[in-house]
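*Asks:* mind folding the following:
(chains A and B)
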Amino acid sequence: MTVLTTSKPISDCTSDSMLPMWAEIVKIEQEAPRIKTYWMKFKDPIVQDTYSFQPGQFNLLTIPGYGEAAISISSHPRHTEAIGHTIRLAGNVTHAIDRLGVGGTLGVRGPYGSTWPLEKLKGLDIYIAAGGIGLPPLRPVIYHIMDNRADYGKVVLIYGARTPEDLQFTAEHDSWEKAGIELMICVDSCDDTWTGLVGVVPMLFYRLRIEPKNSALLTCGPEIMIHFAAYEAIARRVPRKRIFVSLEKNMKCGFGSCGRCQLGPYFVCKDGPIFNYKKIGPYLEVEDF
Amino acid sequence: MSKQTLEVGATIIISKPELNNLLKNLSDLDYELAGPQVKDHTVVLGPIESLAELPKGYTSQEEPGKYTLISTGKENYFDVTSGPQTWKKYFFPPRTQLMIFQQDPDKSPTWSMVSPVEELRRYALIGVRPCDLAGIQIQDKIFLADNNCDPIYRDRREGAFILAVNCTEPCGTCFCTSMGTGPKAEEGFDLALTEGKDHFLIEIGSEVGINILLDLDWKAADVKHQKAAEAALQAAREKINLNLPQPDNLETELLSNLEHPQWDDVAGRCLSCGSCTQVCPTCFCWDSTDKTLLPGDKIIRYRSWDSCFNPDYSYVSHGNTRPNTRSRYRQWLTHKFASWYEQYGSSGCVGCGRCITWCPGEINHLEEIAAIREGEPS
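*Replies:* You can find the predicted model right below:
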């Protein structure tokens, strides 16, 4: 029988990209009140051996019956023997993950999204501005820089949390400093046992001496913080094309199909979550867009 | 005229009753026929078997927020314009199963995954208007992209047969001429039909189309019939009142007017109901939800149509990123008429007019666009 040509376009998609892979929670670390890192290993040894990700990417975590949540990967990009997701308990899915406990099984699909452009930023001073749960997507950046410290100039982490007890990864801060990363930490409010800085992340830019020609800003946190961190960097003449932001949007698929995460012409899941500010700034600056 | 052979690009004529044999040929090849039919004072798309189910002698009067089905007194089968439904429901189902999770009774709490087994149905869409054909082609770009293909859409789309119908009876909210999508179907059909008084003129668009015609009683289209069809299409073009001038300029004109006061004005009239997105042939956003079946060991993950007007659509852990009607309407309009160009290389609008007809706030979106594009860039 001859095959008749039709009016239809032909496409050869084979895989079902919505199917998660199963993983087991092997360790849970409390980072701060309501914030924990869940370490997981894939049950399929081949997936476990071959899974890799780049700093800034995220997975969609599935709990059957509850749904899916997009969560950034917060662990070391080269140490994939266990994958870490640092999660603030906020909704149905994140609470369900927490109830699983060590030994529990959840679905993981990914990694999705764009990455912090660490190769392109070689030779530059790196300013990392993180607020609250915006730090976990930047932790892989810190690890990458620690492993390749000579590739970068000055590296400063500007990090803010609501209170001192909300600060995450405090056990690691010494090792970050020893590796040559300057830490500037502030809190919104505190009691008199806190001897550090009080204020919000963008304010700390006033304590910096930025060489705009040789600097890049990587930032993630509440949208208002991202907005003003970028504003302070731009005010110091850091070019927009060297400011990178990580954005959060509601997403269901992770690959630009469900449409929910759109911002202007971009799909945050596949064109982001890491965006060059020159590209995304005009849309990010429009309120409620 | 000398005897012509059936070939792609050729035009033939059949009598009106002969279309029944064409439909029978499709049924015999195991196509499920779907076509327009009168139901609940409107025209919906559903299963048909013959010409008898088609909305013969009807047309629709449409204006912002109004749809009235009226009798024409004519014997035409295809004088109805778009109703509230679109053909996308056949390829991009309103609700479909993505996967089934089944708990293993011995090894609780681990789950096994089953892909939903569904009998693959081959649809023959009967009476697709050129604007709706353009809508299908836009969804093809979204769901059949080389790097991002959707298996649910692909499985339904690839076996489908399309009988397009050129539009000789546009309604009051039509503006296909502005969007370059009608009233004549140019490509993407297996057969395209133009209805005459006592015959159908058929343009052949594919080899599958030829296959359906082989045993029909047909004759080559003569110049007289072709001229009559062209005159009917020209009359249709002239009947279209709505106009969206230079839609290609909207990409910059809308995106540079995101703070225009008209957004506040229209937000006062928009109910944020999402009707415009549900009746749109190109809107593609979807949601996924899990349904747990009793006694709790089986869970079905569904995919269903979503709308950018739904508050849940843009909800994140810290609240709603589009918290009001102004921001949701602005998202819908700028996506459809502006950011779509960068995403998929064309406007997201085909000019079918459904979003105007089915808007309970009686919003004529073309008037909103006109007000916004004439504003000062913000």
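*Asks:* what is the neighbour count of B:Gly159?
*Replies:* Residues within reach of B:Gly159, counting by other C-beta atoms under 10 Å in any protein chain shown, total 16. Quick note: C-beta positions are derived from backbone N, CA and C, even for glycine.
*Asks:* swap in B:Arg326?
*Replies:* Count around B:Arg326 with other C-beta under 10 Å applied: 19.
*Asks:* the residue of the stretch 51-200 of chain B found nearest chain A bridge partners, please.
*Replies:* Nearest residue of the stretch 51-200 of chain B to chain A (C-beta to the nearest C-beta) works out as B:Cys149 at 3.0 Å. Note on B:Cys149: beta-bridge partners by DSSP bridges are B:Leu144.
*Asks:* do I have it right that it meets B:Ile142?
*Replies:* No: judged on C-beta atoms under 8 Å, B:Cys149 makes no contact with B:Ile142 at a distance of 10.0 Å.
*Asks:* which of the two has more neighbours?
*Replies:* Neighbour totals were compared for B:Cys149 and B:Ile142, and B:Ile142 leads with 21 against 18 (other C-beta under 10 Å).
*Asks:* show the contacting residues for the most centrally placed residue in chain B.
*Replies:* Central residue of chain B (C-alpha atoms, centre = their mean): B:Pro281, 3.3 Å from the mean position. Contact analysis of B:Pro281 by C-beta atoms under 8 Å, 6 or more residues apart in numbering or on different chains lists B:Thr86, B:Trp87, B:Lys88, B:Cys131, B:Asp132, B:Gly135, B:Ile136, B:Ile138, B:Gln139, B:Val350, B:Cys352, B:Arg354.
*Asks:* how about it, nearest residue that isn't a chain neighbour?
*Replies:* Distances taken as C-beta to C-beta, 6 or more residues apart in numbering or on different chains put B:Gly135 closest to B:Pro281, at 2.8 Å, once the chain neighbours are dropped.
*Asks:* tell me the SS of the one you found?
*Replies:* Here B:Gly135 is recorded as helix under DSSP: H, G, I helix; E, B strand; the rest coil.
*Asks:* repeat for B:Leu33
*Replies:* Relying on three-state DSSP, one would call B:Leu33 strand.
*Asks:* surely it is in contact with B:Leu26?
*Replies:* Yes: using C-beta under 8 Å, B:Leu33 is in contact with B:Leu26, at 6.0 Å.
*Asks:* okay, now the closest residue to B:Leu258 other than its chain neighbours: neighbour count?
*Replies:* For B:Leu258, ignoring the flanking residues on the chain, the nearest one in space by C-beta to C-beta, 6+ apart is A:Val286 at 4.9 Å. A:Val286 is flanked by 16 other residues according to other C-beta under 10 Å.
*Asks:* state whether A:Val286 is indeed within a helix.
*Replies:* No: the assignment for A:Val286, made by three-state DSSP, is coil rather than a helix.
*Asks:* quick check: pLDDT value at the residue of the stretch 51-200 of chain B closest to chain A.
*Replies:* The model reports B:Cys149 with a pLDDT of 87.
*Asks:* was I right about the residue nearest to B:Leu258 contacting B:Glu259?
*Replies:* Yes: using C-beta under 8 Å, A:Val286 is in contact with B:Glu259, at 7.1 Å.
*Asks:* B:Ala192 is in what secondary structure piece?
*Replies:* strand B:191-195 (DSSP states H and E).
*Asks:* export only the CA atoms of the helix or strand just after that strand, formatted as CSV.
*Replies:* Using DSSP H and E, the helix or strand that directly follows strand B:191-195 along the chain is strand B:199-204. Taking Å, rounded to 0.1, in the frame of the first residue of the first chain, the C-alpha atoms of strand B:199-204 are listed here in CSV:
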residue,chain,number,x,y,z
HIS,B,199,-23.6,22.2,-5.9
PHE,B,200,-20.3,22.1,-4.1
LEU,B,201,-17.1,23.3,-5.7
ILE,B,202,-14.2,21.3,-4.2
GLU,B,203,-10.5,22.2,-4.3
ILE,B,204,-8.2,19.2,-3.7
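*Asks:* and strand B:199-204 with strand B:191-195, angle?
*Replies:* Interaxial angle, strand B:199-204 versus strand B:191-195 (axes from the mean of the first three to the mean of the last three C-alpha atoms, to 10 degrees): 160 degrees.
*Asks:* what's the first helix or strand after strand B:199-204?
*Replies:* Where DSSP H and E defines the elements, the next helix or strand beyond strand B:199-204 is helix B:207-213.
*Asks:* domain map for the chain?
*Replies:* Since you didn't name a chain, this refers to chain A. A:21-112, A:125-237, A:247-283+A:285-289 (automatic domain parsing).
*Asks:* I was thinking of chain B, sorry if that wasn't clear
*Replies:* The record's domain parsing of chain B by automatic domain parsing lists B:11-239, B:247-373.
*Asks:* what's the closest of these to A:Phe275?
*Replies:* Among those, the nearest to A:Phe275 by C-beta to C-beta is domain B:247-373 (14.3 Å).
*Asks:* partners of the host helix or strand of A:Asn59 in the sheet?
*Replies:* Counting by DSSP H and E, the element that carries A:Asn59 is strand A:58-63. If you go by DSSP bridges, strand A:58-63 pairs up with strand A:67-72 (antiparallel), strand A:105-112 (antiparallel).
*Asks:* name the residues that touch it?
*Replies:* With contact meaning C-beta under 8 Å, 6+ apart, strand A:58-63 is reached by A:20, A:53, A:68-73, A:83, A:85, A:93, A:96-97, A:100, A:106-113, A:137, A:251, A:254, A:273.
*Asks:* now with 7 Å, please.
*Replies:* A:20, A:68-73, A:85, A:93, A:96-97, A:106-113, A:254, A:273 (C-beta atoms under 7 Å, 6 or more residues apart in numbering or on different chains).
*Asks:* can you check stretch A:36-47 too?
*Replies:* Contacts of stretch A:36-47 (C-beta under 7 Å, 6+ apart): A:21-31, A:48, A:51, A:74, A:82-87, A:97-98, A:108.
*Asks:* got the residues of the stretch 151-289 of chain A near chain B?
*Replies:* Residues of the stretch 151-289 of chain A found near chain B (C-beta under 7 Å from any C-beta of the partner chain) are A:222, A:248-250, A:252, A:255-260, A:262, A:264-265, A:286, A:288-289.
*Asks:* just the buried residues from the residues you listed, in ChimeraX please.
*Replies:* Listed next is the ChimeraX selection for buried residues among those, using 16 or more other C-beta atoms under 10 Å in any protein chain shown:
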select /A:222,248,249,250,252,255,256,257,258,259,260,262,264,265,286,289
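*Asks:* got the contact list for the spatially closest residue to A:Ile142 that is not a sequence neighbour?
*Replies:* The shortest distance from A:Ile142 to any non-neighbouring residue, by C-beta to C-beta, 6+ apart, is to A:Trp176 (5.9 Å). By C-beta under 7 Å, 6+ apart, the contact set of A:Trp176 is A:Ile142, A:Leu157, A:Leu183.
*Asks:* so B:Pro55 sits in a strand?
*Replies:* No: B:Pro55: not assigned to a strand; according to three-state DSSP it is coil.
*Asks:* now do the phi/psi pair for it.
*Replies:* phi -80, psi 60 (degrees, to the nearest 10).
*Asks:* surely it is in contact with B:Val43?
*Replies:* Yes: B:Pro55 lies in contact with B:Val43 (C-beta atoms under 7 Å); the separation is 5.4 Å.
*Asks:* residues shared between the contacts of those two?
*Replies:* Common neighbours of B:Pro55 and B:Val43 (criterion: C-beta under 7 Å, 6+ apart): B:Pro36, B:Gln37, B:Val80.
*Asks:* Serialize the residues you listed to TSV and add fields for pLDDT, neighbour count and secondary structure.
*Replies:* Converted to TSV, these look like this (pLDDT from 0 to 100; neighbours: other C-beta atoms under 10 Å in any protein chain shown; DSSP: H, G, I helix; E, B strand; the rest coil):
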residue	pLDDT	neighbour count	secondary structure
B:Pro36	97	26	strand
B:Gln37	96	19	strand
B:Val80	90	26	coil
